[in-house]
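Enquirer: Curious how this folds, go ahead:
(chains A and B, ligands or ions: 2)
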Amino acid sequence: MTVQLEDVTVHFGRTCALEGFDLSVAARETVALLGPSGSGKSTALKAVAGFVRPTRGRIRLGGNDVTDLPPARRGIGVVVQQYALFPHLRVADNVAFGLRAARKPKAEVTRRVGEMLEMVGMASYGRRFPRELSGGQQQRVAIARALAIQPSVLLLDEPLAALDAQLRADMLGELQKLRREVPEIAIVYVTHDQSEALALADRIAVMRDARLVDIAPAAELYAAPPSAFTASFLGGANLLPVAMDEGGVTVAGAVIPGLKPEEGKSLLCIRPHAIRLEPPAAASAAAAGGEGVLGSEALGGAGALGGAELGGAELGSEALGGAAMGGAGARGAVEDAVEDAVRLVGRVVAAQWRGASSQVTCLVDGLAEVSVRVDVPAGRRVPEFGAGVVMVLPVEACSLVPAGVG
Amino acid sequence: MLVWTRSGKAIVWTAFAVVFGLLVLLPFLVVIAAAFAGSWNGVLPSDLTGEHLRQALSGDELASLSVSLQTAFMGGLLAVLFGTWGAMAAHGSRFARAADAMHHLPIAVPSVVVGLGLLVAFSRQPVLLNGTKWIVVIAHLVLMVAFSYGTVAAALQRVDPSYADVAASLGASPARVLWRVRLPMLLPAISSAAGLSVALSMGEVGATIMVYPASWRTLPVSIFALTDRGQTFVAAAEAVVLLATTVVLVLILDRLRGRAAER
Ligand SMILES: Nc1ncnc2c1ncn2[C@@H]1O[C@H](COP(=O)(O)OP(=O)(O)OP(=O)(O)O)[C@@H](O)[C@H]1O
Ligand SMILES: [Mg+2]
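Expert: Numbers count the residues shown, from 1 in each chain, chains lettered A, B, ... in the order given. Ligands and ions are numbered 1, 2, ... in the order given. A predicted model of the protein is given here:
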């Protein structure tokens, strides 16, 4: 069944929790609501479920206006953020609650409860009370309870937040399986975990301050974020201020080859994993031919640099300080003739080990107060704190986004 | 608690023992001793006897006990009913503040005044209740409803509204949500309100003494009357009966509450 929210506004007293919210979720579709804490995600869900009454706007299910319909008559499966398992009922009775409310025959109730508990891997817990379960187990029971009534719309409010990484992956798999098994179901999935959103959702709606900021198919939103907020919230993109002139787009004085200037878009967006780190020109020029300090790709880049007009002395630390002040001087950044990439010179200010990769934070010379996060895959050497580095930004991974407010 | 030295602790404990012993424990012990005393001329009572207790459990006095129990059950349970209803109706509505104030009025107003008010209000047509047991029951109801309301309202504050929301979204009618989710979740608070109401009702004197008819004399009023007539020992025996009954009642209700809270 399709879910449509048209210009829905929700006020709690004086606070505005949702403002002019438009969203349409088709049957068979999963939409993730993504946004920081307090951005109104739960409120949007509650409006669809009928738990809060919009001050303005309409809500339609399958084309019928349900704005004034009580929750009991909407037939929506809901998993709320705090699970809300009835504490006085056993797990099996919790799952059976909706079926009993619909006065289903006893045999069918028992069968369906068994099926549901089986699906979430809680079959042996039917006789327990909710308080005898861990947070993750409670969450799974809540999902089973919502699915037991075979809803055509399923609303999930951070259903996997309390699970450990392994269980979360398992449950994500279960939810994907559920989508295959019940293809007609429309799912609205609230999360602030972008990987969940990317894994599960057909489209992602990004929310901020009670408003919908962007909505687009997941891949599109990730590849070409329409706004700075979305870019940094989804995938933690780096945003670098750019300057535009007739020659093209420049960042920290370096022209980005092949990138067309666009009206109103003044930030360069690039994902941390797309950036490569190389040793500073001077050091690598000296080490050229010797053992590659930063891996093979880095060596190729260093070779190209060796032939460039940049002298080693200019990359000394005093010279770098000069470049930062120098403004127009292109010394801090070098264009690469071999591959379409921009090279920015800077130094490491922090490094965080994350298992499969390390995240290195660098400052770019010539761009005060902008730090660039770079993912260095495991196996690559991570430059030390304070070391000078060259960041290689491949142009195909660069896009421009409007600066936006805030 | 804020005092850490050994001697400091000793002083605090001694002070506590003196105050508690003198003000709380001693009167109790004296009443119990008096209930069994044949005479009490020296420091300690003498001629121990069970006669007073037998008297306290026969005739008019036994009727008093029965009256007290009936009043406590009718008044207390009606108070729980109305208090719960009021608290649930007021919860989250615009009138919650006003309802809170209304329900706290009987606590703020002296019980004698409540009794007098009822007496004046119900002594003439159209509602003539003076001289019947109902005026006593109503007095107890009015006084106890405040406590029931307060207990249930406090519990409601702590219950997340999403339970009822989720129950409704699962297709349950409002009545089903009330009986299967909201009330069961409030059961611990409701039974504790019941215990409180019954216990308070068993000991109520102020308003009762203003309104009671001769045919409906509660145990505390009997105790008061006996003492007034100088029959202190019988009064003490009756006080012991009252004490024992109340303790047993509260223990039973507490047991029920424990069972409710377990689930
Ligand atoms: N019952 C309420 N009464 C008053 N304000 C509320 C209520 N519920 C939510 N709000 C406010 O509305 C705003 C949106 O809340 P909401 O719960 O929708 O956020 P959220 O996006 O779900 O956040 P989170 O990720 O932390 O769950 C917040 O500023 C919150 O303070
Ligand atoms: Mg939320």
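Enquirer: Quick check, the residue in the stretch 101-250 of chain B closest to chain A?
Expert: residue B:170 (3.4 Å; CB to the nearest CB). Every C-beta, even on glycine, is put in place using the N, C-alpha and C of the backbone.
Enquirer: What sits closest to that residue if chain neighbours are left out?
Expert: Closest residue to residue B:170 apart from its sequence neighbours, by CB to CB, 6 or more residues apart in numbering or on different chains: residue A:98 at 3.4 Å.
Enquirer: so how far is the one helix or strand the one you found maps to off the chain centroid?
Expert: Element membership for residue A:98 (DSSP states H and E) is helix A:91-101. Distance, stretch centre to chain centre, for helix A:91-101: 35 Å (CA atoms, centre = their mean, to the nearest Å).
Enquirer: residues in contact with the helix or strand following that helix?
Expert: The helix or strand immediately downstream of helix A:91-101 is helix A:106-119, counting by DSSP H and E. Helix A:106-119 has contacts (CB atoms under 8 Å, 6 or more residues apart in numbering or on different chains) with A:91-92, A:95-96, A:99-100, A:104, A:123, A:125-126, A:141, A:144-145, A:147-148, A:174, A:178.
Enquirer: Can you report phi and psi for residue A:206?
Expert: phi -100, psi 130 (degrees, to the nearest 10).
Enquirer: picking that back up, any buried residues in the helix holding residue A:98, and which?
Expert: A:91, A:92, A:93, A:94, A:95, A:96, A:97, A:98, A:99, A:100, A:101 (16 or more other CB atoms under 10 Å in any protein chain shown).
Enquirer: How about the residues of chain A by ligand 1?
Expert: Within chain A, the positions lying close to ligand 1 (CB under 6 Å from any ligand atom) are A:12, A:15, A:17, A:35, A:37-43, A:81, A:192.
Enquirer: do that again at 8 Å, thanks
Expert: Within chain A, the positions adjacent to ligand 1 are A:10, A:12-13, A:15-18, A:33, A:35-46, A:52, A:81, A:157-158, A:190, A:192, A:207, A:210 by CB under 8 Å from any ligand atom.
Enquirer: Buried ones from these, can you make that a ChimeraX selection?
Expert: Applying 16+ other CB under 10 Å to the residues of chain A next to ligand 1 leaves a buried subset, and the ChimeraX line that selects it is:
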select /A:10,16,17,18,33,35,39,40,41,42,43,44,45,46,52,81,157,158,190,192,207,210
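Enquirer: Out of the residues of chain A next to ligand 1, which sit inside strands?
Expert: Of the residues of chain A next to ligand 1, the ones assigned to strands by DSSP state E are A:10, A:12, A:15, A:16, A:17, A:18, A:33, A:157, A:190, A:207.
Enquirer: care to break chain A down by domain?
Expert: A:3-227, A:272-401 (automatic domain parsing).
Enquirer: residues contacting the spatially most central residue of chain B?
Expert: The centroid of chain B falls nearest to residue B:200 when counting by CA atoms, centre = their mean (1.4 Å). Taking CB under 8 Å, 6+ apart, we find residue B:200 in contact with B:76, B:143, B:144, B:147.
Enquirer: Next, find the distance separating it from residue B:206.
Expert: Distance of residue B:200 to residue B:206, computed by CB to CB, to the nearest Å: 11 Å.
Enquirer: Kindly report the same for residue B:155.
Expert: In terms of CB to CB, residue B:155 sits 28 Å off from residue B:206.
Enquirer: These two: which has the busier surroundings?
Expert: residue B:155 (19 against 16; other CB atoms under 10 Å in any protein chain shown).
Enquirer: so that one makes contact with residue B:187?
Expert: No. Contact criterion CB atoms under 8 Å: residue B:155 and residue B:187 do not qualify, at 9.6 Å.
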